[in-house]
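S.K.: Any chance you could fold what I've pasted below:
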Amino acid sequence: MDTQVSVLCDYAADYQGKLCVQGAFDTLFARQFPVVHPACALALRLCLVPEDAGEHKLGISIVDEDGVPLDKERMPIVGDLKVGLPEGTSFLTRNLIMNFQGLRFEKTGTYSVDVTLDGELLSRTPLRLVQVPAENAPETGAAQA
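M.R.: Numbering: from 1, shown residues only. Okay, here's the model as predicted:
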């Protein structure tokens with residue numbers, strides 16, 4: 001199983017097998033901490049091959065630089081992933097979208113969205129949280145919490 005895309009964004013959708021991503025970002029700026037980011041999505045595009053067939057456990061967790069989950073009670077989020085390819089198919093792609101609401105970040109630093117498959121790290125998407133004075137908050141180019 002290969003991760004073709006793993007990105008945080010404002011919005012994502014699967015449109016007839018096409019992954020539509022809007023507002024991809026890797027940095028959030030905030031005037032003070034703790035801060036709550038109202039809504040975002042993790043957009044994944046996986047490439048599956050016949051060897052991936054079977055039952056799997058897919059996990060998603062947002063962790064700080066020490067590996068501590070953002071929400072210890074709810075993360076990792078784990079779901080069943082059943083993979084099956086039609087006979088004679090050499091590969092298949094699937095889009096997975098996880099929407100997040102009300103993510104609370106206690107401090108600045110580097111976080112990551114870790115995706116695991118059967119307990120093994122499949123992808124790690126970095127996210128940086130930066131504190132800025134109100135007069136220095138960027139107007140474009142990065143998301144604001």
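
S.K.: OK, contacts around the residue nearest to Met98 when sequence neighbours are not counted?
M.R.: Among residues not flanking Met98 along the chain, Leu42 sits closest, at 4.5 Å (CB to CB, 6 or more residues apart in numbering). The C-beta positions use only the backbone N, C-alpha and C, and glycine is treated the same way. If you count contacts by CB atoms under 8 Å, 6 or more residues apart in numbering, Leu42 has them with 6-9, 12, 60, 97-98, 100, 113, 115, 125.

S.K.: where does the chain have low pLDDT?
M.R.: 135-145 (pLDDT under 70).

S.K.: what are the bridge partners for the most centrally placed residue in the chain, then?
M.R.: By CA atoms, centre = their mean, the chain has its centre lying nearest to Leu42, at 3.4 Å. In this entry, Leu42 is beta-bridged to Leu8, Met98, by DSSP bridges.

S.K.: For it, give its distance to Lys18.
M.R.: Computed as CB to CB, to the nearest Å, the Leu42 to Lys18 distance reads 17 Å.

S.K.: quick revisit: which of the contacts of Leu42 lies closest to Gln22?
M.R.: Using CB to CB, Cys9 comes nearest to Gln22 of the contacts of Leu42, at 6.1 Å.

S.K.: May I ask you to confirm that the closest one is in contact with Ala41?
M.R.: Yes - applying CB atoms under 8 Å as the test, Cys9 and Ala41 come out as touching, 5.5 Å apart.

S.K.: And these two? Which one has more around it.
M.R.: Taking other CB atoms under 10 Å, Cys9 and Ala41 do not tie; Ala41 has more neighbours (21 against 17).

S.K.: mind listing what the more buried one touches?
M.R.: Applying CB under 8 Å, 6+ apart, we find Ala41 in contact with 8-12, 97-100.

S.K.: now do Thr110
M.R.: For Thr110, the contact set (CB under 8 Å, 6+ apart) comprises 64-65, 126-129.
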